[in-house]
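S.K.: what shape does this take:
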Amino acid sequence: MSGHSKWHTIRRSKGVADQRRGQLFTKLAKDITLAVREGGSGDPEMNFRLRLAVDKAKSNNMPNDSIQRSIERGLGKGNEAALEEVYYEGYAPGGIAILIETATDNRNRTNSDVRAAMNKAGGNPGEPGSVSWMFELKGLITVDLAGTSLDPDEVQLVAIDAGADDVEVDGSTLEIYCAWTQLNSVRQSLLDQQIPITGAEKTMRPKTVVQPEEKEALSVLRLIEKLEDLDDVQKVYSNLDLTDEVAARLA
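M.R.: Numbering: from 1, shown residues only. Take a look at the predicted model:
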């Protein structure tokens, strides 16, 4: 399992994942709006990214009227300012690459907030292109086999046959990576074989990872947490790789 996924698993176990419910709903709403704009359709059956965003919103008990308002915003209805997806780049302590995905209606505000958070937590903001080349756009499918009789190795083979590029296995959890354009077909192939999918989303996967010492790893995680708590930040990607020992101490 990737270092960032380990960190989110730890945050969930501590009961602090995904921020406050209201803040989570804000991020989910923005994801829906951007999916409508990118896909050019407010119909989840015609817009796969929107279907993923709506499915995630529903799985987090977001009200249907909030989902519909987010779709309408993406279609340009209402008086709210238009959202745009903007990426920021930089380095965390220890030279860890950071790629920050934001959804904003005010670039100046978001730029100021991101830079302030990075500077306060020991990070260094970078210019566009400074670290983005270290990441690849991928589709990510998460599978949880806990409580099933399915064998992780067999599911891994099924995923590869379905078109997956790579599979990371950590106990009963599998992270299945594929080309972003193939996410729908891989996901459907797994569903057709009754494999329990717990998530399907876009991700920026690092081409190489770095395992810093524990002190630096903690500093990186504090920076990521500060960034994720910003209202305009949707996701933070890094090439941090937590060792099992550090992850165990954090848990």
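S.K.: the stretch 151-251 of the chain: strands as residue ranges?
M.R.: Ranges of strands in the stretch 151-251 of the chain, per DSSP state E, counting those that start in this stretch, are 166-170, 173-179, 197-206, 233-238.
S.K.: where does the stretch 151-251 of the chain dip in pLDDT?
M.R.: In the predicted model of the stretch 151-251 of the chain, residues 250-251 satisfy pLDDT under 70.
S.K.: mind listing the helices for it?
M.R.: Secondary structure of the stretch 151-251 of the chain (DSSP state H, counting those that start in this stretch): helices at 152-162, 183-192, 214-228, 244-250.
S.K.: quick one: buried residues of the second one?
M.R.: Read it as helix 183-192. 183-184, 186-187, 189-190 (16 or more other Cβ atoms under 10 Å). Placement of C-beta: from N, CA and C, glycine included.
S.K.: show me which residues of stretch 157-173 are buried.
M.R.: Within stretch 157-173, the residues scored as buried using 16+ other Cβ under 10 Å are 158-159, 162, 164-165, 167, 169, 173.
S.K.: please read the previous query as pertaining to stretch 85-101.
M.R.: Buried, per 16+ other Cβ under 10 Å, within stretch 85-101: 86, 88-94, 96-101.
S.K.: can you tell me which of those residues is nearest Asn64?
M.R.: Glu101 (25.6 Å; Cβ to Cβ).
S.K.: quick one: that closest one is in a helix?
M.R.: No - assignment of Glu101 by DSSP: H, G, I helix; E, B strand; the rest coil gives strand, placing it outside any helix.
S.K.: ok, it to Gln194 distance?
M.R.: Going from Glu101 to Gln194 by Cβ to Cβ, to the nearest Å gives 32 Å.
S.K.: got it, and Asp241?
M.R.: The value you get for Asp241 to Gln194, if Cβ to Cβ is used, is 32 Å.
S.K.: which of those two has more neighbours?
M.R.: Neighbours were tallied for Asp241 and for Gln194 using other Cβ atoms under 10 Å; the higher tally belongs to Asp241 (18 against 8).
S.K.: show me what contacts Gly42?
M.R.: Counting by Cβ atoms under 8 Å, 6 or more residues apart in numbering, Gly42 touches 36, 50, 71-72, 74-75.
S.K.: quick check: closest non-adjacent residue to it.
M.R.: Ile71 (4.5 Å; Cβ to Cβ, 6 or more residues apart in numbering).
S.K.: what is the burial count for the one you found?
M.R.: 23.
S.K.: hmm, Ile32 and it touching each other?
M.R.: Yes - counting by Cβ atoms under 8 Å, Ile32 is a contact partner of Ile71 at 6.1 Å.
S.K.: please report how far the closest residue to Leu150 other than its chain neighbours lies from Leu137.
M.R.: Nearest non-adjacent residue to Leu150, counting by Cβ to Cβ, 6+ apart: Ile195, 6.9 Å away. Ile195 sits 24 Å away from Leu137, going by Cβ to Cβ.
S.K.: likewise Thr26?
M.R.: Thr26 is 24 Å from Leu137, by Cβ to Cβ.
S.K.: ok, the two, which is more surrounded?
M.R.: Neighbour count, other Cβ under 10 Å: between Thr26 and Leu137, Thr26 has more, with 18 against 11.
S.K.: host element of that one?
M.R.: helix 21-39 (DSSP states H and E).
S.K.: heading C-terminal from that helix, find the next helix or strand.
M.R.: The element immediately downstream of helix 21-39 (helix or strand, assigned by DSSP H and E) is helix 48-59.
S.K.: how about the helices of the stretch 151-251 of the chain, which one is nearest Asn106?
M.R.: helix 214-228 (17.1 Å).
S.K.: helices and strands around the closest one, which ones?
M.R.: helix 3-13, strand 84-92, strand 96-104, helix 107-120, strand 233-238, helix 244-250 (3 or more Cβ pairs under 8 Å, 6 or more residues apart in numbering; DSSP states H and E).
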